[in-house]
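S.K.: One predicted model, sequence on top.
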Amino acid sequence: MPELPKTYDPRTVEPKWYARWIDNRDFEANPKLSKPAFSIVMPPPNITGVLTLGHVLNNAIQDILARRARMQGFEVLWLPGMDHAGIGTQTAVEKFLLRTEKKTRHDLGREEFLRRVLDWQEKHGGIIIEQLKRLGCSCDWSRERYTLDDNYIRAVQKAFVDLYNNGLIYRGRRMINWDPAAQTALSDEEVINKPQKGNLYYVRYEIVEEPGRFLQVATTRPETIMADTAMAFHPNDKRYVDLFGKHAWRPLAREKLPIIADEAIDPEFGTGLLKVTPGHDKLDLEIGERHSLPALDVLTLDGRINCPAVPELNGLDRFEARKRAAELLQERGLLSKTELYANNVGFSERSEVPVEPRLSEQWFLRYPKTKEALAVVRDHLIRFFPAHWEKVYAQWLEKIQDWCISRQVWWGHRIPVWYAKCQSPSSKSQIHVGIDPPVDSENWTQDEDTLDTWFSSWLWAYETMDEETRKKFYPTSVLVTAPDIIFFWVARMIIAGLEFKPGKSERDEDNIPFRDVFFTGLIRDKQGRKMSKSLGNSPDPLELIGKYGADGLRFGLMRIAPSGQDIRFDEKQIEEGRNFATKLWNVARFRQMHGPSDAAPKVDNKKLSIFAVEVLARLNETIEAIEKAYSDYQFNAVAQELYDFVWSDYCDWFVEAAKTEIFSADETKKKSALAVMDLVLSAVVRLLHPFMPHITEELWSRLGFGKGSIQFVLPPGKIALGDGDLANKRRLVSEIYEAVQAGRNLRAEANVPSNKKIGFILRTHEKWFYNELLTIARLLNAEEVRLDRQYEAVAGVPVAVTPLGELFLAIAARDKTAERARLDKEIAKIEAEIRTVDSKLKSESFVERAPAVVVEEHRQRAKDFSAQLTKLKQARAALN
RNA sequence: GCGCGGUUAGCUCAGUGGUAGAGCACUACCUUGACACGGUAGGGGUCAGAGGUUCGAACCCUCUAUCGCGCACCA
């Protein structure tokens, strides 16, 4: 067996193993096997996206779950894929065209533009898949899917057609969110409200029937005055009652406006008068419908004024026009005042421009199965982790509105609807809704629009699977996703599952898309800002992999990823992941230096050193803690448990203590210590494998723990330490370790260099640790630890009171002042402890009402402390 | 306005009623026969504030402050 290199080099090890796993088709799921199923569908990244830290976090978690399940004997399907990302991809290509050719998509025409998108996809598509492979993701790449696969397209169309035939999808002219930059309708979820500083303009409207009398109306949008079709006040508002039925002059594009009364008006706001603009405001449209007012549209699709009647404004951009309109009114004496005003404005999530409420003919979905969707989460057929997202989910479903699913975008799933070219108004067949075009297609034109990208992704959990796969792997075991798409995707997938029933029965539990949902946190930068391209604060994960290895990145990130909390990213933490990998590597290397490992180490409980008992007991505790953490999706806790066990319990304590046996001439003892190391190392690499797949596979192979891959080996179970004396042995070890720490502290306080071997004297009547003196000496870096029951130290020789006895440094007396100060500090510490414990014990209510165990614990502590204090005081008195 | 989450060491964060923790950073010593991407020791916290429940509160309850998120309102 070749010796391990001195440092671990992930750059050669990681790609080597990944290639081997792929060659062996280790990640491919076989639905024919009888092993229990475990499945995850990957939230499909955008086809032209590149890997971000968010993806790393999300996919590392999925990989951990998939790899752990594989080890546990599940048949695992982790199904990867990509999303066509309608608006996103189209916008990227449009920007590119404008920059390189100074052309818009309209210049090219639909067909040519789509060809260009495909070129773009050819060039930039799928990069992220290669990056995920570099991360070590164990996806079944043979099943990679795309939301524009032929089958998938048909499935999306079928969903549309079925919903249409069930009366759930309809076409209607309604107020929608219009994105003037992308020039498409958006769903409510794609609009983000942001507080904005603006002005409240007080505009004067003259009363037609009473020339010279003016009404004041407060508005934030004077540029839409030309679309006013009424003035309105609250019917109980006495100020305006006499005006009911009269008219006001519209100040721009002068027209007579009826003055009406409507309950929707808030008399407290502004002047209590509302200019009713049904074409540009949702509330106004409702008022307009109640009073049969016309809805005028004075904006173009790209957000300019379309009103030839006011040439000063016509053609101006909406924000330009707002200023100009205010000036015009000012010039005409119709603007009485302007106030600074903060209100919320809806922005397009994608284009980051304010959306325009707009009356438009679009396709809508009346959500089905909303009650059932609420129930499956409320009744925990689907469990959310962390659970508080259940409430957010429920609130969304309770207030749900119809979903505007059509987009004026070319890249995507074309709406499967055709309109007859020559319509005979009475004919019912002027619309054709179907997966296939009408037979006489030359007489029909297909709807120009495409479907909201989420209308395709909501089928992702099962339309990515064929019949056989679905039978085995649907519903999926768990979905791992970021909470910002809980409405966009998670909720809609649940609805789709319940509505389309892809499961093996009609029952909800067979049709829900997943059983658990784990919501990750969002990764922020060190200042707490969201990572974004424009801020440039998002590190390139590939660069991090280059510096720290994929395993280092994964482990470092997982250790700081608290469940459901946002994560503040700091590269230091990835460095720690890398350092941990190196630590593991080196402690394995240490084992390997002492001969070949035993794949099936046998340990005899009776022959184990007490230090071995301790480390194995800690391993058992760690295994238990890890299992609990996994069941709650507490990945950071799993990582932390492993980190602490490996670094502290195993490396710092056990390996150091075991060196006594490893370097001893006693072959039996040496073998026993090496067997314990094999036991621990073999367990540790298996426990770590889901987090750090490459290095653990390398060590598994190098140390020869098994012939095959570590991927399919059962995780370690707890080791039987059925020794009735276990607790006692563990107590002895902790007393030894405590004494060692006290002794090391003595050395340091006395300025003895770390590498200098020095003598210790232990004054004690205890005998039980005689056999461990060599180990104690090694841990203290002592040349010897001499036992002396009667030892009388010269005043000023440093001493520590330990559970084993009083431990003296075998050096000449120190400067008495320094030693006094040191002891005084120790005494003060102990006295403080005693005060705390005593005050509790003196309290009658504590002694009476606290559990007996707790009281007894406190009594024991008080006893120990005062014994320690007595000895410290004696040492202190000797210095006087 | 409603709802959710956070506030613990200089920093990033663990900690579900009984002795306040880790890593980083800092200080000192150390290249000791796995590891300087390392070892040993040390300093550093009235657990945001106030009140309550309890024998006992970082932890449970109420209120306040503050930061973040979601929803609603938005003339």
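M.R.: Received, thanks.

S.K.: For A:Gln634, see how far away the residue nearest the centre of chain A is.
M.R.: Computing the C-alpha centroid of chain A and ranking residues by CA atoms, centre = their mean puts A:Thr520 first, at 2.1 Å. Plainly put, A:Thr520 is 12 Å away from A:Gln634 if you go by CB to CB, to the nearest Å. Just so you know, the C-beta spots here come from the backbone N, C-alpha and C atoms, and that holds for glycine as well.

S.K.: In stretch A:83-97, which residues are buried?
M.R.: A:83-94, A:97 (16 or more other CB atoms under 10 Å).

S.K.: same check, this time on stretch A:715-722
M.R.: So, applying 16+ other CB under 10 Å, buried residues of stretch A:715-722: A:Pro715, A:Pro716, A:Ile719, A:Leu721.

S.K.: wait, which of those residues is closest to RNA strand B?
M.R.: A:Pro716 (20.1 Å; CB to the nearest atom of the strand).

S.K.: what's the closest one sitting at in phi/psi?
M.R.: Main-chain torsions, A:Pro716, degrees, to the nearest 10: phi -70, psi 140.

S.K.: What is the burial count for the closest residue to it other than its chain neighbours?
M.R.: Counting by CB to CB, 6 or more residues apart in numbering, the nearest residue to A:Pro716 once its immediate chain neighbours are dropped is A:Ala683, at 3.7 Å. When neighbours are counted by other CB atoms under 10 Å, A:Ala683 registers 22.

S.K.: Surely A:Ala683 and A:Ile626 touch.
M.R.: No: using CB atoms under 8 Å, A:Ala683 makes no contact with A:Ile626, being 10.7 Å away.

S.K.: need the helices for the stretch 201-350 of chain A, in chain order.
M.R.: Taking DSSP state H, counting those that start in this stretch as the test, the helices found in the stretch 201-350 of chain A are A:282-290, A:318-331.

S.K.: got the ones you listed as JSON lines, with mean pLDDT and mean neighbour count columns?
M.R.: As requested, the helices of the stretch 201-350 of chain A are exported to JSON lines (pLDDT from 0 to 100; neighbours: other CB atoms under 10 Å):
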{"stretch": "helix A:282-290", "mean pLDDT": "92", "mean neighbour count": "18"}
{"stretch": "helix A:318-331", "mean pLDDT": "92", "mean neighbour count": "18"}
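
S.K.: want to throw those helices into JSON lines with distance to RNA strand B?
M.R.: Output for the helices of the stretch 201-350 of chain A, formatted as JSON lines (distance: least, CB to the nearest atom of the strand, whole Å):
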{"stretch": "helix A:282-290", "distance to RNA strand B": "5"}
{"stretch": "helix A:318-331", "distance to RNA strand B": "12"}
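
S.K.: right, so of those helices, which gets closest to A:Ala782?
M.R.: Distance to A:Ala782, taken as CB to CB, is lowest for helix A:318-331 among these, at 79.3 Å.

S.K.: contacts for the closest one?
M.R.: Here helix A:318-331 makes contact (CB atoms under 8 Å, 6 or more residues apart in numbering) with A:180, A:199, A:201, A:203, A:221-223, A:225, A:251-252, A:299, A:303-305, A:310, A:312-313, A:316, A:335, A:338, A:356.

S.K.: switch the cut-off to 6 Å
M.R.: A:Tyr201, A:Val203, A:Pro222, A:Glu223, A:Gly303, A:Ile305, A:Glu312, A:Leu313, A:Leu335 (CB atoms under 6 Å, 6 or more residues apart in numbering).

S.K.: Distance check, the residue in the stretch 151-300 of chain A that RNA strand B sits nearest to against A:Asp237.
M.R.: The stretch 151-300 of chain A approaches RNA strand B most closely through A:Asp266 (3.1 Å), counting by CB to the nearest atom of the strand. Distance of A:Asp266 to A:Asp237, given as CB to CB: 10 Å.

S.K.: neighbour count winner among those two?
M.R.: A:Asp237 (18 against 11).

S.K.: how close does the more buried one sit to A:Gly272?
M.R.: Separation of A:Asp237 from A:Gly272 (CB to CB): 5 Å.

S.K.: With A:Pro31 instead?
M.R.: As judged by CB to CB, A:Pro31 and A:Gly272 stand 67 Å apart.

S.K.: ditto for A:Lys246
M.R.: Separation of A:Lys246 from A:Gly272 (CB to CB) stands at 16 Å.
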